[in-house]
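Novice: what's the 3D shape of this:
(one chain, ligands or ions: 1)
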Amino acid sequence: MFLVLKKSRQHFFILIKLILLIILVGCLVANQAQAQNIETQLIENLMAETPILSDLHQLCDVIGGRVTGTEPNERSVEWAVKKFEEIGVEVWTEDFEMPRKWAEKSAKATVTGGSNWSPRIACRAFSTGTPKGGLSAELIYAGNGTTDEFEALGERVNNKFVLVATPVMENLTLLFLEYINAIEIESNAKKLGALGVVYMSSREKKLLYRHLTSYGVKNDMPMIVMARDDATRCQRLLENGKTLNLNIELDVIDEPAYIAKNVVAEIKGSEKPDEVIIMGAHLDSWGLGTGANDNGCNVTMTMDMARQYKKLGIAPKRTIRFILWNGEEQGMFGSQAYTQQHNMNDVKLTLTVDIGSGNIDGFFTNSRPELQAMLNQYLEPLDSLGPFEHTDAVIVGTDNYDFFAQGVPNLVAKHDVYNYCADYHSESDTYDKVNALNLKHNATIMGLLTWQFSNAEGKWRFKRHKRKKIEKAIETYDLQSGMQALNLWDGWVDKSRGRK
Ligand SMILES: [Zn+2]
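Specialist: Numbers count the residues shown, from 1 in each chain. Here you go, the predicted structure:
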């Protein structure tokens, strides 16, 4: 009897175990099916018609260019907060200090010396202003502005405006070189006592643009871009022996440090609320165009992602923060401040989109090859939008930089470049240049990826890098000159910026 009882008890427990196993497997399958179902719905909703373009119209056409420190920038912050409130996610702003308030009010030039006309010009960022009536001096030609060319001119540079030629900027490599070459050009001009630097516009058809010089916020001389058509005319005249005089009158707002705001929206994690995944794009722009491809389209994409998550009523395991960075164009000051105001051990991954509206064709893993497998797995349902190819190269020119320098895993979307180079930071970066279809594809890619990363099973796999490892990445990917061109190198070396 005892034996029989024991046996039947054994059977009973085996049966219970079996039932539990079936329930467990059932739950897992159901969970997986539910997860797949959410993904499918998310993809469908992001691909369907959403307010992504009407939002872009409001941001770019109605508000317009949004230089940090100006009234339109403040309006764009208020607009973004209201949008996130309407979407139904928690939203707030975070203050940070901008080191110098700068914006161009007007820029005029006159060339005299036999051939007299008024070339089109724009200030480079943080150019000093001039007295009313302008500054006048002889204009001399310094070729491409190499050290050899400057040395050949020698003392002739003193107190003159120096015209520097540029190639037409047709691709991202040339754009990158434009920033790198400025280091040599500007340090030579300064050393030889030039009155100011006149850059030939690297865009054709009289197009002007504005971005940082190699001195960034510390620039202390007049620096302008002259329309290519006008600058090449000057070049030909000078090369044919004419003596030209240039007068430039630059009216700029140039004031001390002030407070600007990042916009932060959040969906709290249901299982690991302290672990944060950040999806971000910068809200500010230079003011010549309306900042559509750079970076309005990715601002409204970030909003649309939050909107679709909210619409489906889905809660991620980890917290997702949608951040619209400010002060990016002046030197990524909004994202820098964020890394200094928050515990970086809590931030598990950041995703940044800042290369326009060309189709996303992969990601910069920023020295994290281990992220590639996860990316490939997560992008599988979007095969039809691929192929995707990733690179471990490091981007230092957008809001991922400070996370990279803090050792936080970070991804930057890589794009099939579309209308990006010619319009980059220029008057022509307007709504009509955004590729609406690509933007929808990109929203779907980013929407799905951010969702999946925030729901990754188990313990977060990617550890924060220590300073030594970040140093190694800087060496491996040869980042020093790029960091110098963007005024990031000194901060990294003296440890005022990045992981100590
Ligand atoms: Zn940008």
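
Novice: Report the secondary structure state of S54.
Specialist: helix (DSSP: H, G, I helix; E, B strand; the rest coil).

Novice: What is the neighbour count of it?
Specialist: 10 (other CB atoms under 10 Å). All C-beta spots, glycine's among them, are computed from the backbone N, C-alpha and C.

Novice: does I38 belong to a helix or a strand, and which?
Specialist: Assigned by DSSP states H and E, I38 belongs to helix 2-47.

Novice: Now do the strands in the stretch 401-500 of the chain.
Specialist: Secondary structure of the stretch 401-500 of the chain (DSSP state E, counting those that start in this stretch): strands located at 410-415.

Novice: distance of the closest residue to R467 other than its chain neighbours from A485?
Specialist: Nearest residue to R467, sequence neighbours excluded (CB to CB, 6 or more residues apart in numbering): R499, at 4.9 Å. R499 sits 21 Å away from A485 when distances are taken as CB to CB, to the nearest Å.

Novice: Ok, G287 next?
Specialist: Following CB to CB, the distance that separates G287 from A485 is 22 Å.

Novice: again, but for N158
Specialist: Applying CB to CB, the value for N158 to A485 is 26 Å.

Novice: which of the two has more neighbours?
Specialist: The neighbour comparison of N158 against A485 (other CB under 10 Å) goes to A485, with 23 against 11.

Novice: Just the pLDDT at the more buried one, thanks.
Specialist: Predicted confidence (pLDDT) for A485: 89.

Novice: Grab the nearest non-local neighbour of it.
Specialist: Y179 (4.2 Å).

Novice: what packs against the helix or strand where the one you found lies?
Specialist: Taking DSSP H and E as the criterion, Y179 maps to helix 172-191. Helix 172-191 is packed against helix 147-153, strand 196-200, helix 480-485, with contacts defined by 3 or more CB pairs under 8 Å, 6 or more residues apart in numbering; DSSP states H and E.

Novice: neighbours around G154, how many?
Specialist: When neighbours are counted by other CB under 10 Å, G154 registers 9.

Novice: contacting residues for it?
Specialist: L192 (CB atoms under 8 Å, 6 or more residues apart in numbering).

Novice: Show the residue spans covered by the strands in the stretch 251-400 of the chain.
Specialist: 258-267, 272-282, 318-325, 347-352, 360-364.

Novice: Check which residues of the helix holding Y179 are buried.
Specialist: Residues of helix 172-191 classed as buried by neighbour count (16 or more other CB atoms under 10 Å): L175, L177, E178, Y179, N181, A182, E184, I185, E186, N188, A189, K190.

Novice: right, and the pair among those with maximum separation?
Specialist: L175 and K190 (23.3 Å; CB to CB).

Novice: does the residue lying closest to N116 once chain neighbours are set aside count as helix, strand or coil?
Specialist: Nearest in space to N116, with sequence neighbours left out and distances taken as CB to CB, 6+ apart, is T110 at 7.3 Å. The local conformation at T110, judged by three-state DSSP, is strand.

Novice: Distance of T110 relative to C421?
Specialist: 30 Å.

Novice: And K433, by the same measure?
Specialist: Counting by CB to CB, the gap from K433 to C421 is 11 Å.

Novice: re the thing from before, isn't the residue nearest to R467 right next to A405, touching?
Specialist: Yes: with contact defined as CB atoms under 8 Å, R499 and A405 form a contacting pair (6.4 Å).

Novice: Those two: which has the busier surroundings?
Specialist: Counted by other CB under 10 Å, R499 and A405 do not tie: A405 has more neighbours, with 25 against 21.

Novice: Got the confidence number for the more buried one?
Specialist: Predicted confidence (pLDDT) for A405: 98.

Novice: What residues does it make contact with?
Specialist: By CB under 8 Å, 6+ apart, A405 lies in contact with T339, I470, L488, W492, R497, G498, R499.

Novice: so what's the closest residue in space to D61 that isn't next to it in sequence up against?
Specialist: Leaving aside its sequence neighbours, D61 sits nearest to Y431 (CB to CB, 6+ apart; 5.6 Å). Shown in contact with Y431 (CB under 8 Å, 6+ apart): L56, H57, C60, D61, T290, A292, G296.

Novice: what do you get for T365?
Specialist: Applying CB under 8 Å, 6+ apart, the residues contacting T365 are L371, Q372, L375, H390, T391, D392, L411.

Novice: ok, back up a step: what about the ion: which of the contacts of A405 touch it?
Specialist: When CB under 5 Å from the ion is taken as the criterion, no member of the contacts of A405 contacts the ion.

Novice: Report the angle between the helix holding Y179 and strand 196-200.
Specialist: Counting by axes from the mean of the first three to the mean of the last three CA atoms, to 10 degrees, helix 172-191 lies at 160 degrees to strand 196-200.

Novice: ok, back up a step: the residue nearest to D61 and the ion, how far apart?
Specialist: 16 Å (CB to the ion, to the nearest Å).

Novice: Strand partners (parallel or antiparallel) of whichever strand or helix holds V162?
Specialist: Element membership of V162, judged by DSSP H and E, is strand 161-164. Neighbouring strands of strand 161-164 in its sheet, by DSSP bridges, are strand 135-141 (parallel), strand 196-200 (parallel).

Novice: Name the residues of the first one that come out as buried.
Specialist: Buried residues in strand 135-141, defined by neighbour count with 16+ other CB under 10 Å: L135, S136, A137, L139, I140, Y141.

Novice: and the gap between the fourth one and L207?
Specialist: Summarising the geometry, the distance separating L139 from L207, computed by CB to CB, is 21 Å.

Novice: now swap in the first one and tell me
Specialist: When CB to CB is applied, the distance between L135 and L207 equals 24 Å.

Novice: Between the contacts of Y431, identify the one with the most neighbours.
Specialist: That'd be G296 among the contacts of Y431, by other CB under 10 Å, with 33 neighbours.

Novice: which ones are touching it?
Specialist: L56, L59, C60, S285, T290, Y431, V434 are the contacts of G296 under CB under 8 Å, 6+ apart.

Novice: what's around the closest residue to the first one other than its chain neighbours, how many residues?
Specialist: It refers to L56. Distances taken as CB to CB, 6+ apart place T300 nearest to L56, at 4.6 Å, with adjacent residues excluded. Neighbour count for T300, taken as other CB under 10 Å: 29.

Novice: ok, which residues in the stretch 251-400 of the chain are in contact with the ion?
Specialist: By the rule CB under 5 Å from the ion, the part of the stretch 251-400 of the chain lying against the ion is D294, N295, D354.

Novice: and the last one, what does it touch?
Specialist: Right, the one you point to is D354. A281, H282, D294, N295, N298, E328, T398, D399, V412, A413.
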